[in-house]
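A.B. asks: Pasting the sequence and the predicted model now:
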There are 2 protein chains.
Amino acid sequence: MTPKPDPRRRYHHGDLRNALEAAALELVAERGPHGFTLAEASRRAGVSVAAPFRHFANREALLAALALRSFAEQERRFADAVSAAAEPVAQLAAFAAAYVQFAIDERALFDMTFGADIDKASYAELEQAGQRVLDVILAPALRLCPDPRAALELVYAVGAVAHGYAAFLREGVLGIDQEAGVRAMHGAARGAEALAEALADGDRPMKL
Amino acid sequence: MTPKPDPRRRYHHGDLRNALEAAALELVAERGPHGFTLAEASRRAGVSVAAPFRHFANREALLAALALRSFAEQERRFADAVSAAAEPVAQLAAFAAAYVQFAIDERALFDMTFGADIDKASYAELEQAGQRVLDVILAPALRLCPDPRAALELVYAVGAVAHGYAAFLREGVLGIDQEAGVRAMHGAARGAEALAEALADGDRPMKL
DNA sequence: TGTGCGGTGTTAATGCTGTTCACATGGCAC
DNA sequence: GTGCCATGTGAACAGCATTAACACCGCACA
């Protein structure tokens, strides 16, 4: 046998950090958002249960690292989606649709960012990364609402409707079949359009 | 010492089920959504760690019971809020505001219903109770959209924006001060109005 | 007024978890 | 070639959910 038919057999794993993150995502995908266990991830990576602590301060730190990756991936995807549309309203709708699409395609990654066991206050970078995700639609919002304060409100409104549909979909509120996903994407996109047109400057402010 | 300076000292607690639920809510309020532990709740109720299993099949069942209480309380509150408004659009806005208000006032209860460790599929009553919460705005939605299918879409859209703001607030995305809560309520209410007017029949369907 | 049964509690034990510690290994800089 | 340091190991600990066997005691029934 060559010395390493399986890289995990070596005393030094070589890429344990990534292996652990991958195993964690696997576990979340298989067992749900709380099915992740340091011990099980270690087992899958072929190392002892103490090994992860050389790479992460604790269990939460591993989850935080994954949440960071999730936000980065979201930012990338949503920026692509936004830049594929021309008009601000369409850009906001594209963002909302992409948000729901991400929750479908990368359910495990999506689950890391909300409701995971992460005390966000302990990870300042996480908050910033989360904000950057919403910053993706700041430019189109500003084209609709030149007042920065109003634009920010539009950003949050569109983010809220997108996140709401994604959360409903994830919880099965809209059903568990594939069509539920399609309805969620359409609903989110249509909701974003409605909010954009209602909150855009030039329209009358809503009564009360 | 008298035999029972503390009612919890008796061999039979008398109201352990409720005591455990109360302790669980206390723990979630103190330590966050995942700070709940059967063992700690038992300690606070003054019983052994095995006692809870006389009242709940397992840890998840206790959480499910609380989620059920949460949905019931939501239904009650939201129905009140809706019936306090006259016009359908205002009713939807009142629902959204009340939704966020609930997330503020009863954070622990709110946390039980989303992202808790409950496998909803195992608790059919939970799904029904969750649906009933949204049914609260079915009547006003039907007044705006006589077509039941369109009305349901409006229900989900308003629910999504309300839930999105509540989730953002809970995660600190909108800030952690009291004013963030106010902004979330206003945003949710305004978003609900915008969605209601955009999706109401008689208006032109959104382009695309 | 006794009596026994069932619901509700206890103790003890199991196996899993996160975390820490002292120690082992081995690749890389010198 | 040698020694250092990052990265691994194994053993240990405490806390957790869960189960099983046993203890208590109030209430229905005689």
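C.D. replies: Cool, the structure landed.

A.B. asks: could you give the mean pLDDT of stretch A:28-45?
C.D. replies: Taken as a whole, stretch A:28-45 carries a mean pLDDT of 95.

A.B. asks: export that stretch as PDB, just CAs?
C.D. replies: The C-alpha trace of stretch A:28-45 is given here as PDB (Å, rounded to 0.1, in the frame of the first residue of the first chain):
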ATOM      1  CA  VAL A  28     -27.000  19.700   8.800                       C
ATOM      2  CA  ALA A  29     -28.200  18.600   5.300                       C
ATOM      3  CA  GLU A  30     -28.900  15.100   6.600                       C
ATOM      4  CA  ARG A  31     -30.300  15.700  10.000                       C
ATOM      5  CA  GLY A  32     -31.600  19.300  10.100                       C
ATOM      6  CA  PRO A  33     -30.200  22.500  11.500                       C
ATOM      7  CA  HIS A  34     -29.400  21.100  14.900                       C
ATOM      8  CA  GLY A  35     -28.200  17.700  13.800                       C
ATOM      9  CA  PHE A  36     -24.600  18.900  13.800                       C
ATOM     10  CA  THR A  37     -22.200  17.400  16.400                       C
ATOM     11  CA  LEU A  38     -18.600  18.100  16.800                       C
ATOM     12  CA  ALA A  39     -18.100  14.400  17.700                       C
ATOM     13  CA  GLU A  40     -19.800  13.100  14.600                       C
ATOM     14  CA  ALA A  41     -18.000  15.600  12.400                       C
ATOM     15  CA  SER A  42     -14.700  14.500  13.800                       C
ATOM     16  CA  ARG A  43     -15.600  10.900  13.200                       C
ATOM     17  CA  ARG A  44     -16.400  11.600   9.500                       C
ATOM     18  CA  ALA A  45     -13.200  13.500   9.100                       C
END
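
A.B. asks: for chain A, what are the low-confidence residue spans?
C.D. replies: A:1-9, A:11, A:202-208 (pLDDT under 70).

A.B. asks: In contact with residue A:120, which residues?
C.D. replies: Shown in contact with residue A:120 (CB atoms under 8 Å, 6 or more residues apart in numbering or on different chains): A:126, A:127, B:171, B:172. Any C-beta I mention is one placed from the backbone N, CA and C, and that applies to glycine too.

A.B. asks: would TSV of the residues you listed with distance to DNA strand C be doable?
C.D. replies: Output for the contacts of residue A:120, formatted as TSV (distance: CB to the nearest atom of the strand, whole Å):
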residue	distance to DNA strand C
A:126	17
A:127	21
B:171	21
B:172	22
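
A.B. asks: so residue A:146 sits in a helix?
C.D. replies: No: when classified by DSSP: H, G, I helix; E, B strand; the rest coil, residue A:146 is found to be coil rather than part of a helix.

A.B. asks: and it, how far is that from DNA strand C?
C.D. replies: 48 Å (CB to the nearest atom of the strand, to the nearest Å).

A.B. asks: so what's that residue closest to, chain neighbours aside?
C.D. replies: Closest residue to residue A:146 apart from its sequence neighbours, by CB to CB, 6 or more residues apart in numbering or on different chains: residue A:201 at 6.3 Å.

A.B. asks: now swap in residue A:29 and tell me
C.D. replies: residue A:108 (4.3 Å).

A.B. asks: Identify the residues contacting the helix or strand where that neighbour lies?
C.D. replies: Assigned by DSSP states H and E, residue A:108 belongs to helix A:107-113. By CB under 8 Å, 6+ apart, the surrounding residues in contact with helix A:107-113 are A:25-26, A:28-29, A:32-33, A:63, A:66-67, A:69-71, A:73-74, A:102-103, A:118, A:130, A:166, A:170.

A.B. asks: Now do that helix: distance to the chain's middle.
C.D. replies: 6 Å (CA atoms, centre = their mean, to the nearest Å).

A.B. asks: Indicate whether that helix makes contact with DNA strand C.
C.D. replies: No: Helix A:107-113 does not reach DNA strand C (CB under 7 Å from any atom of the strand); its nearest approach is 14.6 Å.

A.B. asks: For the next helix or strand after that helix, buried residues please.
C.D. replies: For helix A:107-113, the following helix or strand on the C-terminal side (DSSP H and E) is helix A:124-135. Buried residues in helix A:124-135, counted by 16 or more other CB atoms under 10 Å in any protein chain shown: A:126, A:129, A:130, A:132, A:133, A:134.

A.B. asks: and if you look at stretch A:31-39?
C.D. replies: Buried residues in stretch A:31-39 (16+ other CB under 10 Å): A:33, A:34, A:36, A:38.

A.B. asks: again with stretch A:193-203
C.D. replies: So, applying 16+ other CB under 10 Å, buried residues of stretch A:193-203: A:193, A:194, A:195, A:196, A:197, A:198, A:199, A:200.

A.B. asks: quick one: contacts for the last one?
C.D. replies: Counting by CB under 8 Å, 6+ apart, residue A:200 touches A:89, A:144, A:145, A:154.

A.B. asks: can I get the buried residues of stretch A:31-39 in TSV with distance to DNA strand D and secondary structure?
C.D. replies: Listed next are the buried residues of stretch A:31-39 as TSV, based on distance: CB to the nearest atom of the strand, whole Å; DSSP: H, G, I helix; E, B strand; the rest coil:
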residue	distance to DNA strand D	secondary structure
A:33	17	coil
A:34	12	coil
A:36	15	coil
A:38	11	helix
